[in-house]
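Undergrad: Only the shape, not the letters, is given here:
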């Protein structure tokens, strides 16, 4: 009887603990609502005059459609005559988050791009092979007199440089005092292009890393180290480029925010990207700690060094204390959530404990920044309007309508109201999905017989909703996008994981930052070499680079005649366009012809019925190869292929494929030409919603809905989750009491536990590493966040990220104490 009472008491304690957790959650939700209501009341009389306050308030309240549109109009007007670079950079960040056109603001900022002096910058090169392999590395480049210079570096089995010799001109490099690097600070070598090749009698790879330093104390790595098979070339250019934003001198804060914006929203800017500004931000970071720049640099570089530095500023109570912070602890807390560092739960608890009774966090700007980063709402519209419900006066929500719990109407002193008839169909009432015939089985759903759906061609299905927003708009969810793809942002292109990549055939050439080349022009990359064009939605010859006709001599570009008739090949399609030579190849890539395949030459294989357009067709060991940036085009007409001629590539249905023929840029084969969803009079449903009614494929969506978009109900009740948790806890308690002998069970006497011998500790093996270079530069690559892999400039000091200890409440301590007393039989 006594033991039964103990078990019942424990169950009561556990139940009270669950009730307390739910009570705290409800209290926090009420505080968040209070914060949004306070912010809304401040905006009710008009938007702030300050651009920063206006912008951050607009971000937080953008889930309310009417306020969003009004706020955008007002902010755009204020920015017309604004020239403050910090305000412009932050406004661009706000507007890009709201998916607005920021090209005018970007142009204003880019007019103030400044060159960073490279005086005092020392460059280091590190060449590594597998330990135990000796190698000879060749560095080729042109000197100031256009002479070809070759420097030979000999490396021993420990990656130590044993000798460095030069021939052909003035050398750039010398061996560092620690013979694991070669270095240069000569101005005539900066901005030069170097081609590296390492050879060995063994098979394997070599790795190339380039560092720079300003004070000879800390080295910075220019991106991820590159590797290649021994004998293959790697290229490097020692250049900073245009690095900072400022009028008369570099403005660190403006550059910081502009780089953050480029990192998140301007993936296709070839001239200006986040990487362009990182060297300046890194070199000047120590004198700008007050801006919490470690958090920004972690976002920009992905280097664990910065997250370690930044998280030192979070206190045990969850607050953030950045030394001499120019923004304050509330704004800095919001910034930590923006880039996802620190203990977020501790930060939330601290902020809610510091919230004023009226709902604000210090002031309007801090309140907006905190709400948007920690507790954002909606996808640029209220929850109520997201579900196609209406905000109406309470006395108007009667009859065949009813109030709902969706938020977003409080700011108008109205309630969210929906039509009672929307969810009356049996399939929806039972919690299943109404999907188009064929989708249920295709996406691993189970057909539910006897339950009616509203749509004419719909069936009732358990599951069957397999497409994300991105995939429904004919994109692909991937870890990173190719150069012929555009990274799509916003809720309309949401992925369950990764980023949404839209193929170039779905994007206009101008949106790809490309241009259409005319007949006498070639598509060139940033180094002046030919590259292949891609098919965009409006052109079959979109150049993601520069369209240019011949204007220079071959030799002046560092090229040499490399004609197939002379038994020569140009590796990697490294062609230049020249006025005096058709076959002008980069000097370092022209070699005697062997049994090369088309891929080695950077070309594309053409079929028997295709011809090479805007390029040169040669014969390789694997077929007809189109080189010099050309593309394979069918000799047949679209009609010969039984296709349809579309106005753009994205009009071809998913069952077909786009082919360029002799009479059409966009021939849709085995498919049909489609119209946009908007022109068909339909709409595209958001993720988590499905179309109730008829729908069909359009040029911009697999499901163009002619009915209504409705949100799915959760199929798993929260009640069952609580019940499951309680059951697990009961089992754990019973097992604990049984093991302690408080509860005894009939049966055989259990065997005695044999003593467990302590584990044998194996001696730790050590591996050889090169010497440490007067600072925190390790010989291995810096750690990276797995969310993306992009070239970055990073500080090479790495400190392991500390894991925050889990805070234990006093209630938890009391429960644990009682459990221990019971277990001891007290």
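TA: Good, I have the coordinates. The shown structure was predicted, so the numbers you read here are calculated from the model rather than taken from an experiment.
Undergrad: which residues touch stretch 257-264?
TA: 86, 89-90, 92-93, 96, 109, 245, 269, 272-274, 276-278, 281, 296, 299-300, 489 (Cβ atoms under 8 Å, 6 or more residues apart in numbering). From N, CA and C alone the C-beta is placed, and that goes for glycine too.
Undergrad: swap the cut-off to 6 Å and go again
TA: 89-90, 92-93, 96, 109, 245, 273-274, 277, 296, 300 (Cβ atoms under 6 Å, 6 or more residues apart in numbering).
Undergrad: roughly how far is it from the heart of the chain?
TA: Stretch 257-264 sits 12 Å away from the centroid of its parent chain (Cα atoms, centre = their mean, to the nearest Å).
Undergrad: average pLDDT across it?
TA: Stretch 257-264 comes out with an average pLDDT of 93.
Undergrad: Report the buried residues of it.
TA: By neighbour count on 16 or more other Cβ atoms under 10 Å, the buried set for stretch 257-264 is 257-264.
Undergrad: quick one: low-confidence parts of the stretch 601-750 of the chain?
TA: Low-confidence segments of the stretch 601-750 of the chain, defined by pLDDT under 70: 686-688, 711-723, 728, 732-750.
Undergrad: where exactly do the helices run in it?
TA: Under the criterion DSSP state H, counting those that start in this stretch, the stretch 601-750 of the chain contains helices at 718-739.
Undergrad: show me where it has strands.
TA: 604-606, 610-613, 616-620, 623-627, 631-634, 644-645, 657-659, 667-669, 683-684, 689-692, 695-698, 701-705, 708-711 (DSSP state E, counting those that start in this stretch).
Undergrad: for those, which one sits closest to residue 80?
TA: strand 683-684 (33.1 Å; Cβ to Cβ).
Undergrad: Tabulate the strands of the stretch 601-750 of the chain (CSV), appending distance to residue 517.
TA: Below are the strands of the stretch 601-750 of the chain laid out as CSV (distance: least, Cβ to Cβ, whole Å):
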stretch, distance to residue 517
strand 604-606, 17
strand 610-613, 11
strand 616-620, 16
strand 623-627, 15
strand 631-634, 11
strand 644-645, 22
strand 657-659, 19
strand 667-669, 20
strand 683-684, 33
strand 689-692, 41
strand 695-698, 30
strand 701-705, 31
strand 708-711, 42
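Undergrad: so which of these gets nearest residue 505?
TA: That would be strand 657-659 among the strands of the stretch 601-750 of the chain, by Cβ to Cβ, at 5.8 Å.
Undergrad: Pull up the per-residue confidence for residue 303.
TA: Residue 303 is given a pLDDT of 83.
Undergrad: domains for this structure, by residue range?
TA: Split into domains by automatic domain parsing, the chain comes to 122-239, 382-424, 470-506, 510-634.
Undergrad: give the contact list for residue 192.
TA: residue 141.
Undergrad: Could you do the one 3 residues further on as well?
TA: Contacts of residue 195 were listed using Cβ under 6 Å, 6+ apart, and they are 140, 233, 235, 588.
Undergrad: Tell me if the first one really is in a strand.
TA: When you say that, I think you mean residue 140. Yes: Residue 140: assigned to a strand according to DSSP: H, G, I helix; E, B strand; the rest coil.
Undergrad: Excluding chain neighbours, what is closest to it?
TA: Spatially, and ignoring its direct neighbours in sequence, residue 140 is nearest to residue 195 (4.7 Å; Cβ to Cβ, 6 or more residues apart in numbering).
Undergrad: got it, and the last one?
TA: Spatially, and ignoring its direct neighbours in sequence, residue 588 is nearest to residue 195 (4.5 Å; Cβ to Cβ, 6+ apart).
Undergrad: Tell me what the one you found is bridged to.
TA: Here residue 195 sits in beta bridges with residue 140, residue 235, going by DSSP bridges.
Undergrad: burial of the residue lying closest to residue 200 once chain neighbours are set aside, as a residue count?
TA: Excluding the flanking residues, the one nearest residue 200 by Cβ to Cβ, 6+ apart is residue 135, at 4.3 Å. Close neighbours of residue 135, defined as other Cβ atoms under 10 Å, add up to 22.
Undergrad: Tell me the buried residues in stretch 520-537?
TA: The neighbour-count check on stretch 520-537 (16+ other Cβ under 10 Å) flags 521-524, 528-537 as buried.
Undergrad: rewinding a little: lowest average pLDDT across the domains of the chain?
TA: Of all the domains of the chain, mean pLDDT reaches its minimum on domain 382-424 (a mean of 70).
Undergrad: hang on, the earlier thing: between the contacts of residue 195, which is closest to residue 76?
TA: Distance ranking of the contacts of residue 195 against residue 76, using Cβ to Cβ, places residue 235 first at 43.5 Å.
Undergrad: measure the residue nearest to residue 140 to residue 290 for me?
TA: 43 Å (Cβ to Cβ, to the nearest Å).
Undergrad: Show me where the stretch 151-300 of the chain has its helices.
TA: Using DSSP H, counting those that start in this stretch, helices in the stretch 151-300 of the chain cover 252-265, 274-283, 293-301.
Undergrad: what's next to stretch 509-529, contact-wise?
TA: 268, 504, 530-531, 533, 536, 538-539, 541-549, 574, 577, 629.
Undergrad: Buried ones from these, can you make that a PyMOL selection?
TA: In PyMOL, this line selects whichever of these come out buried by 16+ other Cβ under 10 Å:
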select buried, resi 268+504+530+531+533+536+538+539+541+542+543+544+545+546+547+548+574+577+629
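Undergrad: can you tell me which of the contacts of stretch 509-529 are in helices?
TA: Taking DSSP state H, every one of the contacts of stretch 509-529 sits outside helices.
Undergrad: can you put the contacts of residue 195 in TSV and add neighbour count?
TA: TSV is the format used below for the contacts of residue 195 (neighbours: other Cβ atoms under 10 Å):
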residue	neighbour count
140	17
233	17
235	15
588	22
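Undergrad: what's the farthest-apart pair in these?
TA: 140 and 235 (10.1 Å).
Undergrad: Report the rounded mean pLDDT for stretch 352-365.
TA: Stretch 352-365 comes out at a mean pLDDT of 95.
Undergrad: What are the contacting residues of that stretch?
TA: Taking Cβ under 6 Å, 6+ apart as the rule, stretch 352-365 contacts 28, 31, 34-35, 38, 42, 53, 56, 330, 367, 370.
Undergrad: From start to finish, how long is it in a straight line?
TA: Terminal residues of stretch 352-365 are spaced 16 Å apart (Cα to Cα, to the nearest Å).
Undergrad: show me the contacts for residue 56.
TA: Residue 56 neighbours (Cβ under 6 Å, 6+ apart): 365, 368-369.
Undergrad: between those residues, which is nearest residue 213?
TA: residue 369 (35.5 Å).
Undergrad: helix, strand or coil for that closest one?
TA: helix.
Undergrad: Surely it and residue 334 touch.
TA: Yes: using Cβ atoms under 6 Å, residue 369 makes contact with residue 334 at a distance of 3.8 Å.
Undergrad: Look at the two and report which has more neighbours.
TA: Between residue 369 and residue 334, residue 369 has the larger neighbour count (other Cβ under 10 Å), namely 28 against 24.
Undergrad: and the gap between the more buried one and residue 294?
TA: In this view, residue 369 and residue 294 are 18 Å apart by Cβ to Cβ.
Undergrad: Please apply the same query to residue 726.
TA: 44 Å.
Undergrad: Which of the two has more residues huddled nearby?
TA: residue 294 (22 against 14).
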